[in-house]
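Undergrad: here is my input; please provide its structure:
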Amino acid sequence: MDNLFELYKLPIFYENYDVSANITNKSFDIILRIEYHNGVGYYEEILFENSYSYSFIGSDFISNNNFIGSINTIVLKKNSECIDDYNNKYSLTKDKLKHFSIYIDGFGQYDFFATGYKVINRFKQEIDFEKLSKEVSYALRHNPKKYKITLDNNGWTNINELIDSLISMSNWYGLEKKDIEEMISLSSKKRHEIKGDMIRAYYGHSASSNIEFNSVSPPNVLYHGTTEKYVKSIMKEGLKPKGRQYVHMSIDIDTAKVVASRRKGDAVVFKIDANLAYNDGINFYHGNENVWLSDGIPAKYIKRVTI
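TA: Now for the predicted structure:
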């Protein structure tokens with residue numbers, strides 16, 4: 001390691017991937033294309049400038065001892081026995097060649113003799129944002145332990161740790177923060193929020209650690225969608241969180257109808273006198289622009305409506 005230092009870190013895809021690489025020539029430059037597979041698809045193209053030569057050692061014949069700590073990394077060899085020979089051979093004085101080595105985990109080692117390098121192209125397959133949103137919600141709302149992330153009292157966790165976990169556990173190779181941001185912007189409902197390097201789910205948590213919200217004054221009326229099988233218990237015991245941390249309500253009857261229609265059975269919508277309940281001491285919390293939360297709503301504030 002004495003004659004190596006890190007220059008450029010390639011994406012590290014932790015498991016369940018296949019990797020390949022190929023070389024193409026462009027004038028006096030050489031382009032190395034590295035592809036990662038397993039149904040998702042990701043590649044990088046790295047151009048080595050004024051490259052006079054390269055060599056490849058297959059993974060079956062290489063000892064990785066010199067690259068400990070530099071897996072999937074381009075490194076510049078400070079002291080290369082043959083680099084002076086190349087510079088003298090081609091009478092290079094101004095733009096002297098340098099010796100770059102890259103070990104691609106699971107594939108092999110390339111050595112390039114070039115004046116420099118740059119990443120010229122990246123590609124990853126189109127992201128299924130709906131699928132991504134569901135997995136992010138599952139991690140943030142229901143099973144942070146599985147994804148090795150920790151939520152604070154307000155549900156926040158480090159977005160980079162979440163991304164690392166999604167890459168290592170799922171097929172989200174090449175996933176970046178900007179992809180999560182685009183996922184949020186494309187969603188018709190605000191399910192997630194990012195501030196700096198932190199992310200959280202707005203609502204819907206069932207994880208054992210309680211997410212804290214500040215109680216605020218709700219709209220005068222809220223709605224809750226359910227099915228016929230729960231009507232008797234709701235009219236008797238009121239609305240309870242059940243498997244979630246909070247009761248979920250919507251600001252309009254149409255959203256409540258949609259929620260009810262997702263469940264098996266005849267749809268039912270309840271109207272909640274939220275203003276009266278709040279004035280009587282029931283806590284309400286703002287989930288997002290359409291969703292309100294509560295610890296529970298007693299039956300006396302609830303009325304079934306015709307839909």
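Undergrad: so who does residue 121 touch?
TA: By C-beta atoms under 8 Å, 6 or more residues apart in numbering, residue 121 lies in contact with 43, 44, 45. In short, each C-beta sits where N, CA and C put it, glycine included.
Undergrad: list the contacts of the helix or strand residue 232 falls within.
TA: In this structure, residue 232 sits in helix 231-237 according to DSSP states H and E. Helix 231-237 is contacted by residues 226, 268, 270, 299, 302, 304 when judged by C-beta under 8 Å, 6+ apart.
Undergrad: hmm, back to that, may I ask which of the contacts of residue 121 has the most neighbours?
TA: Tallying neighbours with other C-beta atoms under 10 Å puts residue 44 at the head of the contacts of residue 121, with 20 neighbours.
Undergrad: residues contacting it?
TA: Per C-beta under 8 Å, 6+ apart, neighbours of residue 44: 10, 11, 33, 34, 119, 121, 122.
Undergrad: buried residues, the helix or strand following the helix holding residue 232. List them.
TA: For helix 231-237, the following helix or strand on the C-terminal side (DSSP H and E) is strand 247-250. Buried residues in strand 247-250, defined by neighbour count with 16 or more other C-beta atoms under 10 Å: 247, 248, 249, 250.
Undergrad: let me see the mean pLDDT of strand 247-250.
TA: For strand 247-250, mean pLDDT is 90.
Undergrad: so where's the protein shaky on pLDDT?
TA: Within the chain, the stretches with pLDDT under 70 are 1-5, 11-17, 37-41, 59-72, 78-95, 125, 168-171, 173, 204-212.
Undergrad: ok but residue 182 is inside a helix, no?
TA: Yes: according to DSSP: H, G, I helix; E, B strand; the rest coil, residue 182 belongs to a helix.
Undergrad: wait, it sits on residue 132?
TA: No: look at residue 182 against residue 132 with C-beta atoms under 8 Å: they stay out of range, at 9.5 Å.
Undergrad: more neighbours: those two, which one.
TA: residue 132 (18 against 14).
Undergrad: the more buried one is in what secondary structure piece?
TA: Per DSSP H and E: helix 129-137 holds residue 132.
Undergrad: before we move on, what about residue 31?
TA: Residue 31 belongs to strand 29-36, assigned by DSSP H and E.
Undergrad: can you tell me the strand partners of that strand and which way each runs?
TA: The pairing partners recorded for strand 29-36 under DSSP bridges are strand 19-26 (antiparallel), strand 42-49 (antiparallel).
Undergrad: circling back: residue 159: which of the contacts of residue 121 is nearest?
TA: Distances from residue 159 to these, taken as C-beta to C-beta, are shortest for residue 44 (22.4 Å).
Undergrad: the closest one bridge partners, please.
TA: The partner residues for residue 44, given DSSP bridges, come to residue 34, residue 122.
Undergrad: how much space separates residue 118 from residue 7?
TA: Residue 118 sits at a distance of 11 Å from residue 7 (criterion: C-beta to C-beta, to the nearest Å).
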